[in-house]
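Q: fold the following, please.
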Amino acid sequence: MAAPVQSLVIPCYDEPTLLPCLASLRNCHPPPLPVEVIVVVNAPAGSPKEIIDTNRRTYEEALEWIGKNSIPWLHFDVLNFPGMPPKNAGAGLARKTGMDLALHRFEEWGQPDGIISSLDADTLVDRNYLNNIQQLFIDYPACNACNVFFEHPVHGDAFPPEVYRAIIQYELHLRYYVQSLRFAGFPYAFHTIGSCFSVRTSAYARQGGMNKRKAGEDFYFLHKLMPLGGFFELNSTCVYPSPRPSHRVPFGTGPFISKYIINKEQEWQTYHLDAFRDIKILFDKTDLFYHAGHPAIRTICENLPRPIREFLSGQVTEKLDEINRNSTSPVTFRKRFFAWFNAFKVLKFLNFAHEHHYSRIPVSRAVGELTGLRQDHQQKINDPLDLLLQLRKLQREQEYRI
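A: Numbering: from 1, shown residues only. Reported below is the predicted structural model:
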């Protein structure tokens, strides 16, 4: 096999169902150039015996499966790390281990412009997944990274009905959150899911690679990449993450499903749309702050909604002075403004606003209000699954990029 142009990294911890993921990749249509899959079976040093045993079985089964399923354009490499440092062991370190290895191999092969894709061990993919990722990076040399469209399974016999009800709520919340950020005018309004992104090796190295966070590593990593520009959505293929309950990470899909089922919740409570309206008013005024003096800044801020005024109290004038001193044009000002009021600050504001001003509301109600803002989505829909299908369709059609 020629040197791969794409490396696909799969962290694998306490995972008994890796083989369907590998088979899904093997069943993909052959892409233009070869692909390497790096599976990082991992566990912290001192893990319980049952986890070590599961990892060993997974590792051995994967090696046996690979021996029977090799094809010329797709190479599988399964690595076993049973003694990761407990302080850092987790999804971030496992993903980083595989992605750093992929980067090193690309350098050895003389491939400075390779593609590193990230997947999870319990996900499946469309047959055009590998081909369409490669084609995107080939067609758009300026593309530094991309998100791949995703859909959680929402029906079937693999899980109890309550799991499917829960995942509908969770995905509704994810899509509502991103769509609300787009409504507000936030420039980096993308999903940040560890099993659904690819990055060019040059961009990966430039931003210092993956982090070692035990959870949320995808959120932090992708929000480091987005300000580079050249961040695309790839909506012509799809990844199917598992909806199963899990306690392997502190937050994310698995813990949400577990909490939802244990608490017998009927509907997930999400952020009030009014909080996003508040952010929109601030973001719509961003350009007015460029080279504005203190009196003008104070006047603008006095006319912002109360939740924003209180959140920014005591920090905005000094910060805007600093941003203006380092900005030579409205374009650089906006870039520096959103480096300050970034995704983390947006989240902090939303939590602040809901502690002091707003109450969370059922996600179906929130989605209904949000889609009602668009003239092409006036029909009232109350069923959570119907709302989810509507949001999926809407986001598939957008192909948002920066």
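Q: any stretches of the chain with poor pLDDT?
A: 1-2, 245-256, 258, 260-265, 373-382 (pLDDT under 70).
Q: beta-bridge partners for residue 44, please?
A: For residue 44, the beta-bridge partners under DSSP bridges are residue 84.
Q: residues touching it, list them.
A: In this structure, residue 44 makes contact with 83-86, 89-90, judged by Cβ atoms under 8 Å, 6 or more residues apart in numbering. The way it works is simple: take the backbone N, C-alpha and C, and place the C-beta from them, glycine included.
Q: residue 13 now?
A: 41-43, 51, 55, 91, 94, 121, 248.
Q: can you flag the buried ones in the contacts of residue 44?
A: 84, 89-90 (16 or more other Cβ atoms under 10 Å).
Q: between the residues you listed, which is nearest residue 147?
A: Among those, residue 90 lies closest to residue 147 (Cβ to Cβ), at 22.1 Å.
Q: what about residue 68, neighbour count?
A: Number of residues near residue 68 (other Cβ atoms under 10 Å) recorded here: 6.
Q: next one: residue 313
A: 9.
Q: ok, the one 3 residues further on next?
A: Using other Cβ under 10 Å, residue 316 has 21 other residues around it.
Q: again, but for the one 3 residues further on
A: The burial metric for residue 319, expressed as a neighbour count using other Cβ under 10 Å, is 15.
Q: if I look at it, how far off is residue 25?
A: When Cβ to Cβ, to the nearest Å is the yardstick, residue 319 and residue 25 sit 46 Å from each other.
Q: next one: residue 194
A: Using Cβ to Cβ, we find residue 194 at a distance of 16 Å from residue 25.
Q: for those two, indicate the residue with more neighbours.
A: More crowded of residue 194 and residue 25, by other Cβ under 10 Å: residue 194, with 26 against 21.
Q: about what we covered before: can I get the buried ones among the contacts of residue 44 in TSV with distance to residue 215?
A: As requested, the buried ones among the contacts of residue 44 are exported to TSV (distance: Cβ to Cβ, whole Å):
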residue	distance to residue 215
84	15
89	12
90	7
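Q: any idea which of these is closest to residue 325?
A: For the buried ones among the contacts of residue 44, the nearest to residue 325 is residue 90 (39.5 Å; Cβ to Cβ).
Q: quick check: the closest one touching residue 210?
A: No. Applying Cβ atoms under 8 Å as the test, residue 90 and residue 210 come out as separate, 11.6 Å apart.
Q: now the common contact residues for these two.
A: Each of residue 217 lies in contact with both residue 90 and residue 210 under the rule Cβ under 8 Å, 6+ apart.
Q: would you tell me which helix is longest in this structure?
A: helix 161-184 (DSSP state H).
Q: that helix: which residues count as buried?
A: Buried-residue list, helix 161-184, by 16+ other Cβ under 10 Å: 163-184.
Q: what is that helix packed up against?
A: helix 253-262, strand 269-270, helix 273-284, helix 363-371, helix 384-398 (3 or more Cβ pairs under 8 Å, 6 or more residues apart in numbering; DSSP states H and E).
Q: list the contacts of residue 85.
A: Contacts of residue 85 (Cβ under 8 Å, 6+ apart): 44-45, 93.
Q: same question, residue 320
A: Applying Cβ under 8 Å, 6+ apart, the residues contacting residue 320 are 289, 292, 297.
Q: the second one touches residue 286, doesn't it?
A: No. Residue 292 lies out of contact with residue 286 (Cβ under 8 Å); the separation is 10.8 Å.
Q: check which element follows the strand or helix carrying residue 221 along the chain.
A: Using DSSP states H and E, the element containing residue 221 is helix 217-225. Next along the chain after helix 217-225, taking DSSP H and E as the criterion, comes strand 231-240.
Q: okay, the angle between that next one and helix 217-225?
A: With axes from the mean of the first three to the mean of the last three Cα atoms, to 10 degrees applied, the angle from strand 231-240 to helix 217-225 works out at 160 degrees.
Q: contacts for strand 231-240 next, please.
A: With contact meaning Cβ under 8 Å, 6+ apart, strand 231-240 is reached by 119, 123-126, 128-129, 132-133, 136, 140, 143-153, 188, 190, 195-196, 198, 225, 395-402.
Q: just checking: what are the partner strands of it?
A: Using DSSP bridges, the strands paired with strand 231-240 are strand 124-125 (antiparallel), strand 145-150 (parallel).
Q: point out the most buried one among these.
A: For these, average neighbour numbers computed from mean count of other Cβ atoms under 10 Å are highest in strand 145-150, which has a mean of 23.
Q: can you list contacts of that strand?
A: 129, 133, 136-137, 190-191, 193, 195-200, 203, 222, 225-226, 228, 230-241, 395-396.
Q: send me it as PDB with only the CA atoms.
A: The C-alpha coordinates for strand 145-150 follow below in PDB (Å, rounded to 0.1, in the frame of the first residue of the first chain):
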ATOM      1  CA  ALA A 145     -10.600  21.300   9.100                       C
ATOM      2  CA  CYS A 146     -14.200  20.100   8.800                       C
ATOM      3  CA  ASN A 147     -17.100  18.800  10.800                       C
ATOM      4  CA  VAL A 148     -18.900  15.800   9.400                       C
ATOM      5  CA  PHE A 149     -22.700  15.700   9.600                       C
ATOM      6  CA  PHE A 150     -24.000  13.300  12.300                       C
END
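Q: quick one: buried residues of stretch 152-160?
A: For stretch 152-160, the neighbour count (16+ other Cβ under 10 Å) marks 152-154, 159 as buried.
Q: which one is residue 106 nearest to, not counting chain neighbours?
A: residue 114 (3.9 Å; Cβ to Cβ, 6 or more residues apart in numbering).
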